[in-house]
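Enquirer: mind looking at a prediction? Sequence and model below.
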Amino acid sequence: MVGIMSDSHDNLDAIQRAVAHFTDRNCQLVVHAGDFVAPFAAKELSFLGCPVKAVFGNCDGEKTGLEKVLETFGEIRKEPFSFQYRGRRFLLTHTHFANMKYVRSGKYDIIIYGHTHKPEIRKVRDSLLINPGETGGWLTGKSSIAFLELKTLEAEIIFL
């Protein structure tokens, strides 16, 4: 199981609830699609007990601090960040602007993004696009995360 989050925007309570859900579902990997904002918020993910892969969002100003916090339990990079995990090809980005270009490339099984604060799961061609919404919940008042079952490529949005 893969846990997915984005746009946590320093909301420690929401991040802690997300970590509890990811732990309860025994996630083997957690992906963050950007906008932690500050390193202290990213540090909460150290309690997951699994690796984290993340990208910088447009509100992540303290990049060196975020890299330092995440280096002990994961990694954070500029978007787009492509990687393979358990035989699946992932593309992780914060913004959604180039998603159709990535879909047309045919290179990715799963494209994860954030930025819009709107949860979405949809299949386009051979790619599953997932936006977990906003974990922080500041904009919409609804904190959300997503789960992805790698074997079946089924995903779901959970409101915290």
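Expert: Happy to help now that I have it.
Enquirer: what's the local residue count around Glu156?
Expert: Residue crowding around Glu156 was assessed by other CB atoms under 10 Å; the count is 12. Where C-beta positions appear, they are placed from N, C-alpha and C, glycine not excepted.
Enquirer: report the buried residues of the helix or strand harbouring it.
Expert: Applying DSSP states H and E as the criterion places Glu156 in strand 154-159. When neighbours are counted by 16 or more other CB atoms under 10 Å, the buried residues of strand 154-159 are found to be 155, 157-158.
Enquirer: what of stretch 73-82?
Expert: By neighbour count, with 16+ other CB under 10 Å as the criterion, the buried positions of stretch 73-82 are 73-74, 76, 79-81.
Enquirer: closest to Leu29 among those?
Expert: Distances from the buried residues of stretch 73-82 to Leu29 were compared by CB to CB; the smallest belongs to Gly74, at 9.0 Å.
Enquirer: once you drop chain neighbours, what's closest to the most centrally placed residue in the chain?
Expert: Nearest to the centroid of the C-alpha atoms of the chain, with distances taken as CA atoms, centre = their mean, sits His32, at 2.7 Å. Here the nearest residue to His32 in space, its sequence neighbours aside, is Ala54; by CB to CB, 6 or more residues apart in numbering that works out to 3.9 Å.
Enquirer: that neighbour contacts Glu71, correct?
Expert: No: applying CB atoms under 8 Å as the test, Ala54 and Glu71 come out as separate, 11.4 Å apart.
Enquirer: those two: which has the busier surroundings?
Expert: Set side by side, Ala54 and Glu71 give different neighbour counts by other CB under 10 Å, the larger being at Ala54 (28 against 10).
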